[in-house]
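Asks: Predicted model and sequence below, questions to follow.
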Amino acid sequence: PVPPLLEKTSQSARLFEEAAQCIPGGITANIKHFDPYPLFMESASGARMRDVDGNEYIDYNLCYGALMLGHGHPGVRRAVAEQWETMGSFVFGAPHALEAEMARKLIDLYPGIELIRFTNSGLEATMLAVRLARGWTEKRKIAKFEGHYHGGYDPMLINVQSRNRKRGERPRPVVDSRGVLDEYQDQTVVLPFNDWEASLEILEEEKNDLAGVILEPVQGGFIPPDPVFLRSLREWTNKQEIPLIFDEVKTGFRLGLSGAQGRYGITPDLTTLGKVLGGGFPVGAVGGRRAILETASPVHRGDVLSGNENQTHSRDVLFHSGTYNGHPTVLAAGLATISHLEYEGVFAKVEEATRLLRNGMEEILARWGCSGSTLGDGTIFNVMLSEQPVQNGTKRDAAYPCLRRELDIHLLERGIYIKPMNRFSLSTAHTPDVVAETLDRFEEGVKRLTGK
Ligand code: PMP
(Lines give C-alpha, C1' and ligand atoms only; values in the text may rest on other atoms or scores of the structure.)
Protein backbone atom coordinates (compact mmCIF):
# COMPACT_ATOMS: atom_id res chain seq x y z
CA PRO A 1 0.00 0.00 0.00
CA VAL A 2 1.11 3.53 -0.78
CA PRO A 3 1.66 5.64 2.37
CA PRO A 4 -0.38 8.83 2.54
CA LEU A 5 1.33 12.03 1.51
CA LEU A 6 1.74 13.48 4.99
CA GLU A 7 3.58 10.40 6.23
CA LYS A 8 6.18 10.39 3.52
CA THR A 9 6.88 14.10 3.17
CA SER A 10 7.89 15.17 6.67
CA GLN A 11 11.07 16.94 5.48
CA SER A 12 9.00 19.05 3.09
CA ALA A 13 6.70 19.91 5.99
CA ARG A 14 9.69 21.00 8.07
CA LEU A 15 11.23 23.11 5.29
CA PHE A 16 7.89 24.69 4.57
CA GLU A 17 7.49 25.69 8.19
CA GLU A 18 10.98 27.22 8.21
CA ALA A 19 10.38 29.05 4.94
CA ALA A 20 7.08 30.45 6.19
CA GLN A 21 8.97 32.24 8.97
CA CYS A 22 10.91 34.40 6.53
CA ILE A 23 8.92 34.27 3.26
CA PRO A 24 5.22 35.21 3.09
CA GLY A 25 3.31 31.95 2.79
CA GLY A 26 6.62 30.08 2.58
CA ILE A 27 6.66 30.36 -1.21
CA THR A 28 8.26 32.71 -3.75
CA ALA A 29 5.30 32.73 -6.14
CA ASN A 30 1.72 32.48 -4.93
CA ILE A 31 0.93 29.83 -7.49
CA LYS A 32 3.42 27.44 -5.85
CA HIS A 33 1.20 26.79 -2.86
CA PHE A 34 -1.00 23.72 -2.59
CA ASP A 35 -2.59 21.91 0.32
CA PRO A 36 -1.42 20.84 2.79
CA TYR A 37 2.03 22.22 1.83
CA PRO A 38 4.12 22.37 -1.33
CA LEU A 39 6.77 19.67 -1.72
CA PHE A 40 10.42 20.68 -1.69
CA MET A 41 12.47 19.13 -4.47
CA GLU A 42 16.12 18.24 -4.27
CA SER A 43 17.27 16.76 -7.57
CA ALA A 44 15.97 15.79 -10.98
CA SER A 45 16.99 14.05 -14.16
CA GLY A 46 15.08 13.55 -17.40
CA ALA A 47 11.40 12.97 -16.58
CA ARG A 48 11.97 12.39 -12.87
CA MET A 49 12.26 14.58 -9.79
CA ARG A 50 13.17 13.61 -6.25
CA ASP A 51 11.90 15.46 -3.18
CA VAL A 52 13.82 16.13 0.04
CA ASP A 53 12.33 12.99 1.63
CA GLY A 54 13.70 10.84 -1.19
CA ASN A 55 10.34 10.24 -2.92
CA GLU A 56 10.54 10.05 -6.66
CA TYR A 57 8.02 11.59 -9.05
CA ILE A 58 7.46 11.54 -12.76
CA ASP A 59 7.35 15.26 -13.41
CA TYR A 60 4.52 16.55 -15.58
CA ASN A 61 4.73 20.12 -14.36
CA LEU A 62 8.20 20.56 -15.89
CA CYS A 63 8.63 24.02 -14.41
CA TYR A 64 5.25 25.15 -15.74
CA GLY A 65 5.96 23.68 -19.15
CA ALA A 66 9.42 25.24 -19.62
CA LEU A 67 11.47 22.04 -19.67
CA MET A 68 10.67 20.67 -23.09
CA LEU A 69 13.78 18.44 -22.97
CA GLY A 70 13.14 17.30 -19.39
CA HIS A 71 15.54 17.97 -16.53
CA GLY A 72 19.26 18.53 -17.05
CA HIS A 73 19.47 17.67 -20.75
CA PRO A 74 23.15 16.92 -21.53
CA GLY A 75 23.15 19.01 -24.73
CA VAL A 76 21.94 22.07 -22.83
CA ARG A 77 24.42 21.50 -19.98
CA ARG A 78 27.22 21.28 -22.50
CA ALA A 79 26.14 24.44 -24.32
CA VAL A 80 26.01 26.42 -21.07
CA ALA A 81 29.37 25.10 -19.84
CA GLU A 82 31.03 25.90 -23.17
CA GLN A 83 29.52 29.37 -23.16
CA TRP A 84 30.96 30.13 -19.73
CA GLU A 85 34.30 28.67 -20.72
CA THR A 86 34.53 30.79 -23.88
CA MET A 87 33.36 33.99 -22.22
CA GLY A 88 35.37 33.64 -19.03
CA SER A 89 32.41 35.47 -17.51
CA PHE A 90 28.67 34.84 -17.14
CA VAL A 91 27.46 38.09 -18.62
CA PHE A 92 28.98 41.15 -20.29
CA GLY A 93 26.20 43.73 -20.22
CA ALA A 94 27.24 44.55 -23.79
CA PRO A 95 25.84 43.21 -27.08
CA HIS A 96 26.67 39.59 -27.78
CA ALA A 97 26.55 37.60 -31.03
CA LEU A 98 24.06 35.08 -29.62
CA GLU A 99 21.37 37.77 -29.49
CA ALA A 100 21.12 38.09 -33.27
CA GLU A 101 21.60 34.34 -33.66
CA MET A 102 18.55 33.64 -31.50
CA ALA A 103 16.62 36.52 -33.11
CA ARG A 104 17.29 35.08 -36.57
CA LYS A 105 16.16 31.63 -35.44
CA LEU A 106 12.87 32.97 -34.08
CA ILE A 107 12.24 35.11 -37.14
CA ASP A 108 12.67 31.97 -39.28
CA LEU A 109 10.33 29.87 -37.13
CA TYR A 110 7.50 32.30 -36.26
CA PRO A 111 5.51 33.78 -39.16
CA GLY A 112 4.47 36.81 -37.07
CA ILE A 113 8.02 37.81 -36.09
CA GLU A 114 10.05 40.23 -38.23
CA LEU A 115 12.04 41.84 -35.41
CA ILE A 116 12.46 40.76 -31.81
CA ARG A 117 13.56 42.02 -28.38
CA PHE A 118 14.47 39.87 -25.36
CA THR A 119 13.30 40.20 -21.76
CA ASN A 120 13.83 38.17 -18.58
CA SER A 121 10.36 36.70 -18.13
CA GLY A 122 7.05 36.12 -19.84
CA LEU A 123 5.53 38.84 -17.72
CA GLU A 124 8.02 41.42 -18.96
CA ALA A 125 7.37 40.26 -22.51
CA THR A 126 3.61 40.83 -22.36
CA MET A 127 4.21 44.13 -20.58
CA LEU A 128 6.46 45.27 -23.43
CA ALA A 129 4.00 43.95 -26.03
CA VAL A 130 1.23 46.02 -24.48
CA ARG A 131 3.46 49.11 -24.44
CA LEU A 132 4.37 48.54 -28.09
CA ALA A 133 0.70 48.25 -29.03
CA ARG A 134 -0.11 51.45 -27.15
CA GLY A 135 2.92 53.25 -28.52
CA TRP A 136 2.11 52.22 -32.06
CA THR A 137 -1.59 53.04 -32.05
CA GLU A 138 -1.43 55.89 -29.53
CA LYS A 139 -4.61 54.48 -28.03
CA ARG A 140 -5.37 53.63 -24.43
CA LYS A 141 -7.22 50.39 -23.78
CA ILE A 142 -6.16 46.76 -24.05
CA ALA A 143 -8.61 43.92 -24.50
CA LYS A 144 -7.85 40.57 -22.90
CA PHE A 145 -9.86 37.41 -22.44
CA GLU A 146 -11.58 36.13 -19.38
CA GLY A 147 -9.33 33.77 -17.40
CA HIS A 148 -6.29 34.27 -19.64
CA TYR A 149 -2.98 34.68 -17.86
CA HIS A 150 -0.29 37.04 -19.12
CA GLY A 151 1.86 37.43 -16.02
CA GLY A 152 0.80 39.14 -12.83
CA TYR A 153 1.21 42.87 -13.40
CA ASP A 154 -1.37 45.53 -12.85
CA PRO A 155 -3.31 45.97 -16.13
CA MET A 156 -3.37 42.19 -16.62
CA LEU A 157 -4.59 41.51 -13.11
CA ILE A 158 -8.05 42.35 -14.27
CA ASN A 159 -10.55 39.61 -14.70
CA VAL A 160 -14.26 39.28 -14.54
CA GLN A 161 -16.83 38.25 -12.11
CA SER A 162 -17.88 35.03 -13.81
CA ARG A 163 -20.09 33.81 -11.08
CA ASN A 164 -23.62 35.14 -10.84
CA ARG A 165 -23.36 36.56 -14.33
CA LYS A 166 -26.55 36.38 -16.29
CA ARG A 167 -26.54 34.92 -19.78
CA GLY A 168 -25.65 37.48 -22.42
CA GLU A 169 -24.52 39.98 -19.84
CA ARG A 170 -21.25 41.78 -20.60
CA PRO A 171 -18.40 40.58 -18.36
CA ARG A 172 -17.61 43.36 -15.90
CA PRO A 173 -13.87 43.85 -15.37
CA VAL A 174 -12.78 43.57 -11.74
CA VAL A 175 -9.41 43.91 -10.07
CA ASP A 176 -7.95 40.49 -9.28
CA SER A 177 -5.49 41.46 -6.58
CA ARG A 178 -5.07 43.74 -3.65
CA GLY A 179 -2.88 46.71 -4.45
CA VAL A 180 -4.07 47.09 -8.04
CA LEU A 181 -5.79 50.42 -8.68
CA ASP A 182 -9.45 50.37 -9.66
CA GLU A 183 -8.47 52.62 -12.57
CA TYR A 184 -7.16 49.60 -14.42
CA GLN A 185 -10.70 48.29 -14.69
CA ASP A 186 -11.27 51.16 -17.06
CA GLN A 187 -8.16 50.47 -19.19
CA THR A 188 -8.56 46.74 -19.58
CA VAL A 189 -11.48 45.39 -21.55
CA VAL A 190 -12.38 41.77 -20.79
CA LEU A 191 -13.85 39.51 -23.48
CA PRO A 192 -15.32 35.98 -23.35
CA PHE A 193 -12.96 33.46 -24.99
CA ASN A 194 -14.30 31.33 -27.85
CA ASP A 195 -17.49 33.37 -28.05
CA TRP A 196 -17.09 35.53 -31.13
CA GLU A 197 -20.55 37.08 -31.17
CA ALA A 198 -20.29 38.35 -27.61
CA SER A 199 -16.67 39.45 -28.10
CA LEU A 200 -17.51 41.35 -31.27
CA GLU A 201 -20.23 43.30 -29.56
CA ILE A 202 -17.80 44.54 -26.90
CA LEU A 203 -14.98 45.13 -29.41
CA GLU A 204 -17.24 47.27 -31.60
CA GLU A 205 -18.19 49.35 -28.60
CA GLU A 206 -14.55 49.88 -27.55
CA LYS A 207 -12.73 49.99 -30.87
CA ASN A 208 -11.94 53.69 -30.95
CA ASP A 209 -10.00 53.39 -27.69
CA LEU A 210 -8.43 49.99 -28.32
CA ALA A 211 -4.64 49.78 -28.64
CA GLY A 212 -4.55 46.01 -28.89
CA VAL A 213 -6.10 42.64 -28.19
CA ILE A 214 -4.05 40.07 -26.30
CA LEU A 215 -4.86 36.40 -25.85
CA GLU A 216 -3.46 33.01 -25.07
CA PRO A 217 -4.23 31.23 -28.34
CA VAL A 218 -4.73 28.09 -26.24
CA GLN A 219 -6.09 29.13 -22.87
CA GLY A 220 -3.93 27.85 -20.03
CA GLY A 221 -2.12 25.77 -22.65
CA PHE A 222 -4.97 23.27 -22.90
CA ILE A 223 -8.28 24.93 -23.92
CA PRO A 224 -7.95 25.17 -27.71
CA PRO A 225 -9.42 28.06 -29.67
CA ASP A 226 -12.50 27.57 -31.77
CA PRO A 227 -11.11 27.98 -35.33
CA VAL A 228 -13.91 30.28 -36.46
CA PHE A 229 -13.47 32.41 -33.34
CA LEU A 230 -9.73 32.80 -33.91
CA ARG A 231 -10.11 33.58 -37.61
CA SER A 232 -12.86 36.13 -36.96
CA LEU A 233 -10.75 37.84 -34.32
CA ARG A 234 -7.83 38.08 -36.75
CA GLU A 235 -10.00 39.41 -39.56
CA TRP A 236 -11.67 42.01 -37.37
CA THR A 237 -8.42 43.28 -35.80
CA ASN A 238 -6.85 43.47 -39.26
CA LYS A 239 -9.74 45.51 -40.56
CA GLN A 240 -9.63 47.87 -37.61
CA GLU A 241 -5.82 48.06 -37.67
CA ILE A 242 -5.72 47.08 -34.02
CA PRO A 243 -2.65 44.96 -33.19
CA LEU A 244 -3.43 41.36 -32.26
CA ILE A 245 -1.03 39.97 -29.67
CA PHE A 246 -0.54 36.22 -29.34
CA ASP A 247 0.84 35.44 -25.93
CA GLU A 248 2.79 32.30 -26.85
CA VAL A 249 4.77 32.14 -23.61
CA LYS A 250 3.12 28.77 -23.03
CA THR A 251 2.35 27.58 -26.57
CA GLY A 252 5.69 28.60 -28.11
CA PHE A 253 7.75 25.45 -28.83
CA ARG A 254 4.97 23.36 -27.32
CA LEU A 255 2.35 23.48 -30.04
CA GLY A 256 5.02 22.75 -32.58
CA LEU A 257 8.21 24.69 -33.26
CA SER A 258 6.24 27.65 -34.63
CA GLY A 259 3.75 27.80 -31.78
CA ALA A 260 0.03 28.33 -32.12
CA GLN A 261 0.49 30.69 -35.08
CA GLY A 262 2.21 27.93 -37.03
CA ARG A 263 -0.27 25.30 -35.94
CA TYR A 264 -3.43 27.27 -36.69
CA GLY A 265 -2.14 29.31 -39.60
CA ILE A 266 -3.07 32.67 -38.06
CA THR A 267 -0.40 35.37 -37.96
CA PRO A 268 -0.54 37.91 -35.11
CA ASP A 269 0.99 41.40 -35.18
CA LEU A 270 2.92 40.81 -31.97
CA THR A 271 4.06 37.58 -30.33
CA THR A 272 5.35 37.00 -26.82
CA LEU A 273 7.54 34.02 -25.98
CA GLY A 274 9.12 32.65 -22.80
CA LYS A 275 9.45 29.34 -20.96
CA VAL A 276 10.90 26.77 -23.43
CA LEU A 277 12.83 29.56 -25.17
CA GLY A 278 15.13 29.83 -22.13
CA GLY A 279 15.93 26.12 -21.92
CA GLY A 280 15.34 26.22 -18.14
CA PHE A 281 16.62 29.76 -17.51
CA PRO A 282 14.53 32.93 -17.06
CA VAL A 283 13.53 34.47 -20.36
CA GLY A 284 10.94 36.30 -22.40
CA ALA A 285 10.79 37.83 -25.87
CA VAL A 286 8.54 40.08 -27.92
CA GLY A 287 8.55 39.82 -31.66
CA GLY A 288 6.31 41.18 -34.34
CA ARG A 289 5.82 43.44 -37.29
CA ARG A 290 8.86 45.46 -38.21
CA ALA A 291 7.07 48.80 -38.06
CA ILE A 292 5.74 48.22 -34.55
CA LEU A 293 9.03 46.91 -33.14
CA GLU A 294 10.94 49.77 -34.74
CA THR A 295 9.23 52.18 -32.33
CA ALA A 296 11.64 50.80 -29.69
CA SER A 297 14.71 51.54 -31.78
CA PRO A 298 16.67 54.63 -30.78
CA VAL A 299 18.89 54.42 -33.85
CA HIS A 300 16.44 55.37 -36.55
CA ARG A 301 15.05 58.30 -34.69
CA GLY A 302 17.83 60.71 -34.47
CA ASP A 303 21.37 61.46 -33.71
CA VAL A 304 22.39 58.90 -31.11
CA LEU A 305 25.96 59.12 -32.33
CA SER A 306 26.01 62.89 -32.17
CA GLY A 307 26.32 62.73 -28.42
CA ASN A 308 22.72 63.26 -27.42
CA GLU A 309 22.71 60.74 -24.59
CA ASN A 310 19.13 61.42 -23.68
CA GLN A 311 18.02 60.17 -27.04
CA THR A 312 16.90 56.77 -25.78
CA HIS A 313 14.75 58.47 -23.17
CA SER A 314 13.04 60.76 -25.56
CA ARG A 315 9.26 60.56 -25.82
CA ASP A 316 9.59 59.58 -29.46
CA VAL A 317 11.19 56.28 -28.64
CA LEU A 318 9.40 53.49 -26.89
CA PHE A 319 11.39 52.68 -23.78
CA HIS A 320 12.63 49.17 -23.22
CA SER A 321 15.57 48.15 -21.08
CA GLY A 322 16.81 45.48 -18.67
CA THR A 323 20.16 44.63 -17.07
CA TYR A 324 20.01 40.99 -18.09
CA ASN A 325 18.16 41.22 -21.43
CA GLY A 326 19.74 38.85 -23.93
CA HIS A 327 21.75 37.04 -21.24
CA PRO A 328 24.30 34.78 -23.00
CA THR A 329 23.72 31.80 -20.67
CA VAL A 330 19.99 31.92 -21.36
CA LEU A 331 20.47 32.27 -25.09
CA ALA A 332 23.00 29.42 -25.21
CA ALA A 333 20.61 27.15 -23.28
CA GLY A 334 17.68 28.23 -25.47
CA LEU A 335 19.53 27.73 -28.74
CA ALA A 336 20.70 24.27 -27.63
CA THR A 337 17.12 23.40 -26.71
CA ILE A 338 15.69 24.59 -30.02
CA SER A 339 18.36 22.82 -32.09
CA HIS A 340 17.62 19.57 -30.29
CA LEU A 341 13.90 20.00 -30.94
CA GLU A 342 14.64 20.63 -34.60
CA TYR A 343 16.16 17.19 -35.13
CA GLU A 344 14.00 15.11 -37.39
CA GLY A 345 11.22 13.40 -35.48
CA VAL A 346 12.08 14.71 -32.00
CA PHE A 347 9.05 16.94 -31.64
CA ALA A 348 6.73 14.37 -33.22
CA LYS A 349 7.82 11.84 -30.61
CA VAL A 350 6.74 14.09 -27.74
CA GLU A 351 3.39 14.62 -29.46
CA GLU A 352 3.04 10.87 -29.93
CA ALA A 353 3.83 10.22 -26.25
CA THR A 354 1.20 12.81 -25.32
CA ARG A 355 -1.39 11.07 -27.50
CA LEU A 356 -0.48 7.72 -25.97
CA LEU A 357 -0.88 9.09 -22.46
CA ARG A 358 -4.18 10.82 -23.22
CA ASN A 359 -5.69 7.79 -24.93
CA GLY A 360 -4.53 5.52 -22.11
CA MET A 361 -6.03 7.79 -19.47
CA GLU A 362 -9.32 8.02 -21.30
CA GLU A 363 -9.49 4.23 -21.57
CA ILE A 364 -8.77 3.89 -17.85
CA LEU A 365 -11.43 6.44 -16.91
CA ALA A 366 -13.96 4.58 -19.06
CA ARG A 367 -12.90 1.17 -17.68
CA TRP A 368 -13.55 2.29 -14.10
CA GLY A 369 -16.81 4.06 -14.89
CA CYS A 370 -15.47 7.57 -14.33
CA SER A 371 -17.00 10.10 -16.67
CA GLY A 372 -14.22 12.27 -17.96
CA SER A 373 -11.81 12.93 -20.77
CA THR A 374 -8.66 14.85 -21.62
CA LEU A 375 -8.43 18.25 -23.25
CA GLY A 376 -5.49 19.91 -24.97
CA ASP A 377 -3.44 20.26 -28.12
CA GLY A 378 0.19 19.44 -28.85
CA THR A 379 2.21 18.54 -25.77
CA ILE A 380 0.03 19.91 -22.94
CA PHE A 381 -3.33 18.63 -21.75
CA ASN A 382 -5.62 18.42 -18.77
CA VAL A 383 -7.86 15.72 -17.35
CA MET A 384 -11.44 16.87 -17.20
CA LEU A 385 -13.70 14.95 -14.84
CA SER A 386 -16.76 16.57 -16.24
CA GLU A 387 -19.39 15.62 -18.75
CA GLN A 388 -19.70 19.16 -20.03
CA PRO A 389 -17.58 20.35 -22.91
CA VAL A 390 -15.07 22.97 -21.81
CA GLN A 391 -14.66 26.08 -23.95
CA ASN A 392 -13.38 28.77 -21.68
CA GLY A 393 -12.15 29.63 -18.22
CA THR A 394 -15.55 29.99 -16.65
CA LYS A 395 -16.47 26.46 -17.48
CA ARG A 396 -13.00 25.24 -16.67
CA ASP A 397 -13.55 26.26 -13.05
CA ALA A 398 -16.68 24.19 -13.00
CA ALA A 399 -14.72 21.28 -14.46
CA TYR A 400 -12.31 21.11 -11.53
CA PRO A 401 -14.57 19.47 -8.99
CA CYS A 402 -13.70 17.93 -5.61
CA LEU A 403 -13.36 14.60 -7.37
CA ARG A 404 -10.47 15.90 -9.41
CA ARG A 405 -8.76 17.33 -6.33
CA GLU A 406 -9.00 13.91 -4.74
CA LEU A 407 -7.59 12.18 -7.81
CA ASP A 408 -4.65 14.60 -7.86
CA ILE A 409 -3.71 13.64 -4.30
CA HIS A 410 -3.89 9.94 -5.22
CA LEU A 411 -1.60 10.67 -8.18
CA LEU A 412 0.86 12.64 -6.08
CA GLU A 413 0.99 9.80 -3.55
CA ARG A 414 1.78 7.47 -6.43
CA GLY A 415 4.58 9.64 -7.75
CA ILE A 416 2.90 11.65 -10.49
CA TYR A 417 3.78 15.30 -10.07
CA ILE A 418 1.41 17.78 -11.69
CA LYS A 419 1.43 20.37 -8.93
CA PRO A 420 0.53 23.12 -8.70
CA MET A 421 -1.24 23.59 -12.04
CA ASN A 422 -2.83 20.11 -12.20
CA ARG A 423 -2.20 19.75 -15.91
CA PHE A 424 0.18 17.62 -17.90
CA SER A 425 3.13 18.84 -19.98
CA LEU A 426 5.41 16.30 -21.60
CA SER A 427 9.04 16.45 -22.71
CA THR A 428 11.47 14.49 -24.86
CA ALA A 429 12.32 12.55 -21.67
CA HIS A 430 8.74 11.22 -21.45
CA THR A 431 9.39 8.10 -23.49
CA PRO A 432 6.77 5.38 -24.09
CA ASP A 433 8.00 3.36 -21.07
CA VAL A 434 7.63 6.42 -18.81
CA VAL A 435 4.12 6.86 -20.22
CA ALA A 436 3.32 3.19 -19.53
CA GLU A 437 4.51 3.57 -15.93
CA THR A 438 2.41 6.71 -15.57
CA LEU A 439 -0.67 4.90 -16.84
CA ASP A 440 -0.21 2.10 -14.27
CA ARG A 441 -0.04 4.67 -11.49
CA PHE A 442 -2.95 6.61 -12.97
CA GLU A 443 -5.09 3.46 -13.01
CA GLU A 444 -4.25 2.81 -9.34
CA GLY A 445 -5.27 6.38 -8.54
CA VAL A 446 -8.53 6.10 -10.45
CA LYS A 447 -9.30 2.77 -8.74
CA ARG A 448 -8.84 4.44 -5.35
CA LEU A 449 -11.01 7.34 -6.45
CA THR A 450 -13.86 5.05 -7.43
CA GLY A 451 -13.41 3.07 -4.20
CA LYS A 452 -12.64 -0.17 -6.03
N1 PMP B 1 1.89 34.38 -20.38
C2 PMP B 1 1.51 33.10 -20.31
C3 PMP B 1 0.57 32.56 -21.33
C4 PMP B 1 2.00 32.27 -19.30
O5 PMP B 1 1.61 31.00 -19.23
C6 PMP B 1 2.91 32.81 -18.36
C7 PMP B 1 3.49 31.98 -17.25
N8 PMP B 1 2.75 30.91 -16.83
C9 PMP B 1 3.27 34.16 -18.49
C10 PMP B 1 2.75 34.91 -19.51
C11 PMP B 1 4.23 34.79 -17.52
O12 PMP B 1 5.51 34.29 -17.70
P13 PMP B 1 6.59 34.38 -16.54
O14 PMP B 1 6.09 33.49 -15.44
O15 PMP B 1 7.86 33.90 -17.16
O16 PMP B 1 6.66 35.80 -16.13
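Replies: Sure thing, it's come through. Residues are numbered from 1 along each chain as shown.

Asks: rest of the way, CA atoms for contacts and neighbours
Replies: Will do.

Asks: What's the local residue count around whichever residue of the chain sits closest to the ligand?
Replies: Nearest residue of the chain to the ligand: residue 122, at 3.2 Å (CA to the nearest ligand atom). Residue 122 has 26 neighbouring residues, counting by other CA atoms under 10 Å.

Asks: tell me the contacts of residue 192?
Replies: Residues counted as contacts of residue 192 (CA atoms under 8 Å, 6 or more residues apart in numbering) are 145-146, 171, 198-199, 392.

Asks: before we move on, what about residue 256?
Replies: With contact set as CA under 8 Å, 6+ apart, residue 256 has these partners: 262-263, 347, 378.

Asks: now do residue 131
Replies: By CA under 8 Å, 6+ apart, residue 131 lies in contact with residue 318.

Asks: what is the mean pLDDT for whichever strand or helix holds it?
Replies: When elements are defined using DSSP states H and E, residue 131 is found to belong to helix 122-137. Averaged across helix 122-137, pLDDT comes to 98.

Asks: by contact count, what packs against the helix or strand following that helix?
Replies: Using DSSP H and E, the helix or strand that follows helix 122-137 in sequence is strand 141-145. Using 3 or more CA pairs under 8 Å, 6 or more residues apart in numbering; DSSP states H and E, the elements in contact with strand 141-145 are helix 184-187, strand 188-191, strand 210-215.

Asks: interface residues of the stretch 251-400 of the chain facing the ligand?
Replies: Proximity of the stretch 251-400 of the chain to the ligand, by CA under 6 Å from any ligand atom, involves residues residue 274.

Asks: pLDDT weak spots in the stretch 251-400 of the chain?
Replies: Along the stretch 251-400 of the chain, segments meeting pLDDT under 70 span 300-315, 387-400.

Asks: Let me see the ranges of the strands in it.
Replies: Under the criterion DSSP state E, counting those that start in this stretch, the stretch 251-400 of the chain contains strands at 270-274, 284-288, 373-377, 380-384.

Asks: Which elements pack onto the helix or strand containing residue 433?
Replies: Using DSSP H and E, residue 433 sits within helix 432-449. Under the contact criterion of 3+ CA pairs under 8 Å, 6+ apart, helix 432-449 touches helix 346-367, helix 402-413.

Asks: List the buried residues for the first one?
Replies: Okay, so that is helix 346-367. 347, 349-351, 353-355, 357-358, 360-362, 364-365 (16 or more other CA atoms under 10 Å).

Asks: Tell me the helices and strands packed up against that helix.
Replies: strand 373-377, helix 432-449.

Asks: And the contacts of it?
Replies: Contact with helix 346-367 is made by 256-257, 340-341, 371-374, 378-381, 426-428, 430-432, 435-436, 439, 442-443, 446, as judged by CA under 8 Å, 6+ apart.

Asks: Buried ones among those residues?
Replies: 256-257, 340-341, 372-374, 378-381, 426-428, 430-432, 435-436, 439, 442-443, 446.

Asks: neighbours of residue 155, just the number please.
Replies: Around residue 155 there are 26 residues (other CA under 10 Å).

Asks: gap between it and residue 288?
Replies: Applying CA to CA, to the nearest Å, the value for residue 155 to residue 288 is 21 Å.

Asks: Please apply the same query to residue 23.
Replies: Taking CA to CA, one finds residue 23 at 38 Å from residue 288.

Asks: With neighbour numbers in mind, choose between these two.
Replies: Using other CA under 10 Å as the criterion, residue 23 and residue 288 rank with residue 288 on top: 29 against 12.

Asks: Could I get the contacting residues of that one?
Replies: Residues near residue 288 by CA under 8 Å, 6+ apart: 112-116, 268-271.

Asks: ok, now residue 380?
Replies: With CA under 8 Å, 6+ apart, residue 380 has these contacts: 65, 221-222, 254, 354, 423-426.

Asks: Pick the one among those closest to residue 137.
Replies: The nearest member of the contacts of residue 380 to residue 137, counting by CA to CA, is residue 221 at 28.9 Å.

Asks: Can you give me the domain boundaries for the protein?
Replies: 5-72+345-449, 74-342 (automatic domain parsing).

Asks: isn't residue 222 right up against residue 383?
Replies: No - between residue 222 and residue 383 there is no contact under CA atoms under 8 Å: 9.8 Å.

Asks: Give me the mean pLDDT for stretch 81-100.
Replies: If you average the pLDDT over stretch 81-100, you get 97.

Asks: circling back to that earlier point, shared neighbours, residue 222 and residue 383?
Replies: Residues within reach of residue 222 and of residue 383 at once, by CA under 8 Å, 6+ apart, are residue 375.

Asks: how about the residues of the stretch 51-200 of the chain near the ligand?
Replies: 121-123, 149-151.
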